[in-house]
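Asks: Here is a sequence with its predicted model. Questions after.
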Amino acid sequence: GQCITACPVGALREKESIDYVWDAIEDSNKHVVVQTAPAIRAALGEEFGLPMGTRVTGKMVAALKRLGFDKVFDTDFAADLTIMEEGHEFLERLKNGEKLPMFTSCCPGWIKYCEHYHPDLLDNISTCKSPQEMMGAVIKSYYAKKNGIDPKDIYVVSVMPCTAKKFESQREELQSTGYADVDIVLTTRELAKMVKQTINDFTSLPEEDFDEVLGESTGASVIFGVTGGVMEAALRTVYEVATGKKLKKLEFENIRGMEGIKEALVEINGKEIKVAVVHSIGQANKLIEKIKAGEKFYHFVEVMACSGGCITGGGQPYVNDKIKLSKDIRKERAKALYNEDKAKKIRKSHENPMINKIYDEYFDKPNSHKSHELLHTHYKKREKHPV
Ligand code: SF4
């Protein structure tokens, strides 16, 4: 993602995205809904002079409401939904001993890389859409129906730490309702620009809450923004669903931190489950080579294309060299997310009451026919780029 943001064409595209969003907000026929990824709250404050690692969830929501969005939802809700779908998909593969290791699918940088360079692994990737796409599909189906709004009049804006998410939102296969799941993606920097255009002092805004129902989330989902977080969230649910027992400790320390390749062993019903977590494409490649050579075996692997995970994505605030030399920005931003996880009353995706409500009212159960229609997708082989 970094090269796209550094190039002048990327800069032009950034300007256009903001204009489209303002147009949609001003259009009285459009119902404009915004969702924000977990990593945004960990870094947006830096754009307004707050110290690195300051969590600005409540102020970010207050700012979005003042910009004129009709609803402010949390991509974290969809991250919980992803865990439900992906966790059950994993248990199914484990039972059948098929398509293992299963790789996570929420990072479009990793997915596209795999389509180009490891198409033989495409069946191993979870069929779950990424959280932003799941959220878009839920907004244009469940939410639209419940509120009597025609999905054609809904405009979904995602705020993402990532420029690869812009590409992802344009994929033809991510239009389950007949409309694009997500209409437009803004980066964290672009959101900061919109805020600066309209709000005098971000830092003095009150703390406000996301809107119901798609704003309710757990500690498991907020750590999606940091390397190891998706795996930790998945293990919290997979373990409890499969064993019927409560985890004594929710933190999986072995897969936290900034080491390139992290591993953990988890015993589930007498079977040892091996998981691995990698961040950056270079580390992913190393691990894949070992797996292909038969040197390593895992049941489940999390891959994030950015070092540290989404907290350092290509759309996050720029950091000057002096700060980069004095501290590890990955660790500072990660702290904000782990603190939010700790502060949440509910820290496991399967205990999110709104997730249970949406299954009761709409999806029936994880991996149901309807879930497959709206929340899952497929990947395709692409030609290798000439070197
Ligand atoms: Fe985007 Fe990087 Fe996060 Fe992947 S790891 S989703 S490329 S920000």
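Replies: Looks like it came in fine.

Asks: Nearest to the ligand: which residue in the stretch 151-300 of the chain?
Replies: Closest residue of the stretch 151-300 of the chain to the ligand, C-beta to the nearest ligand atom: C162 (2.9 Å). Where C-beta positions appear, they are placed from N, C-alpha and C, glycine not excepted.

Asks: which sections of the protein are below the confidence cut-off?
Replies: Within the chain, the stretches with pLDDT under 70 are 1-15, 386-387.

Asks: the longest helix in it is where?
Replies: In the chain, taking DSSP state H as the definition, the longest helix is helix 75-96.

Asks: To what extent is the nearest residue to the residue of the stretch 151-300 of the chain closest to the ligand once chain neighbours are set aside buried, counted in neighbours?
Replies: Distances taken as C-beta to C-beta, 6 or more residues apart in numbering put G313 closest to C162, at 4.1 Å, once the chain neighbours are dropped. Using other C-beta atoms under 10 Å, G313 has 29 other residues around it.

Asks: Mind telling me what element E332 is part of?
Replies: helix 329-343 (DSSP states H and E).

Asks: Could you list every helix and strand in contact with that helix?
Replies: If you count contacts as 3 or more C-beta pairs under 8 Å, 6 or more residues apart in numbering; DSSP states H and E, helix 329-343 packs onto helix 219-222.

Asks: Just the residues contacting the helix or strand just after the helix it packs on, thanks.
Replies: Sequence order places helix 229-243 as the next helix or strand after helix 219-222, per DSSP H and E. Helix 229-243 has contacts (C-beta atoms under 8 Å, 6 or more residues apart in numbering) with 38, 79, 82-84, 86-88, 90-91, 104, 106, 220-224, 245-247, 250-252, 255-256, 264, 266, 268-269, 275, 277, 300, 302, 304, 309, 337, 347-350.

Asks: ok, and what's touching the next helix or strand after helix 229-243?
Replies: Next in sequence after helix 229-243, counting helices and strands by DSSP H and E, comes strand 261-268. Applying C-beta under 8 Å, 6+ apart, the contact partners of strand 261-268 are 227-228, 231, 235, 238-239, 242-243, 252, 254-256, 272-278, 283, 286-287, 298.

Asks: which of the residues you listed are close to the ligand?
Replies: With the criterion set as C-beta under 6 Å from any ligand atom, no member of the contacts of strand 261-268 is near the ligand.

Asks: Just the buried residues out of the residues you listed, in ChimeraX syntax.
Replies: Of those, the buried ones can be selected in ChimeraX as follows, counting by 16 or more other C-beta atoms under 10 Å:
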select :227,228,231,235,238,239,242,252,254,255,256,273,274,275,276,277,278,283,287,298
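
Asks: re earlier: the next helix or strand after the longest helix of the chain vs the ligand: in contact?
Replies: Sequence-wise, the next helix or strand downstream of helix 75-96 (DSSP H and E) is strand 102-103. No - Strand 102-103 lies out of reach of the ligand by C-beta under 6 Å from any ligand atom, never closer than 12.9 Å.

Asks: Contacts only, for E251.
Replies: Taking C-beta under 8 Å, 6+ apart, we find E251 in contact with E232.

Asks: Enumerate the residues of the chain near the ligand.
Replies: 1, 107-109, 161-162, 164-165, 304-306, 309-310, 313.

Asks: Among the residues you listed, which one lies nearest to I125?
Replies: Within these, proximity to I125 (C-beta to C-beta) peaks at C107, which comes in at 10.4 Å.

Asks: I'd guessed the closest one sits against A305; true?
Replies: Yes - judged on C-beta atoms under 8 Å, C107 makes contact with A305 at a distance of 5.3 Å.

Asks: between those two, which one's more packed in?
Replies: Legend: neighbour count by other C-beta under 10 Å for C107 and A305, higher for C107 (27 against 23).

Asks: are any of the contacts of helix 229-243 buried, and which?
Replies: 38, 79, 82-84, 86-88, 90-91, 104, 106, 220-224, 247, 250, 252, 255-256, 264, 266, 268, 275, 277, 300, 302, 304, 309, 337, 347-350.

Asks: gap between F90 and the ligand?
Replies: From F90 across to the ligand, the span is 20 Å (C-beta to the nearest ligand atom, to the nearest Å).

Asks: So that residue sits against V301, correct?
Replies: No - in this structure, F90 is not within contact of V301 by C-beta under 8 Å, at 10.9 Å.

Asks: follow-up on the earlier one: between C107 and A305, which contacts overlap?
Replies: Counting by C-beta under 8 Å, 6+ apart, the shared contacts of C107 and A305 are A164.

Asks: Not counting sequence-adjacent ones, nearest residue to A192?
Replies: Spatial nearest neighbour of A192, chain neighbours left out: E47 (3.7 Å); criterion: C-beta to C-beta, 6+ apart.

Asks: just I25 next, same as before
Replies: For I25, ignoring the flanking residues on the chain, the nearest one in space by C-beta to C-beta, 6+ apart is G68 at 4.4 Å.

Asks: from memory the one you found sits against D27, does it?
Replies: No - the pair G68 / D27 is not scored as a contact, 10.8 Å apart, by C-beta under 8 Å.

Asks: in the stretch 51-200 of the chain, which spans are helices?
Replies: 57-67, 75-96, 108-117, 131-138, 144-146, 164-169, 188-198 (DSSP state H, counting those that start in this stretch).

Asks: what's the third one in contact with?
Replies: In this case it means helix 108-117. 1, 103-105, 121-122, 125, 130, 162, 164-165, 167-168, 281, 284, 303-306, 379-385.

Asks: which residue does the stretch 201-350 of the chain bring closest to the ligand?
Replies: Closest residue of the stretch 201-350 of the chain to the ligand, C-beta to the nearest ligand atom: G313 (2.6 Å).
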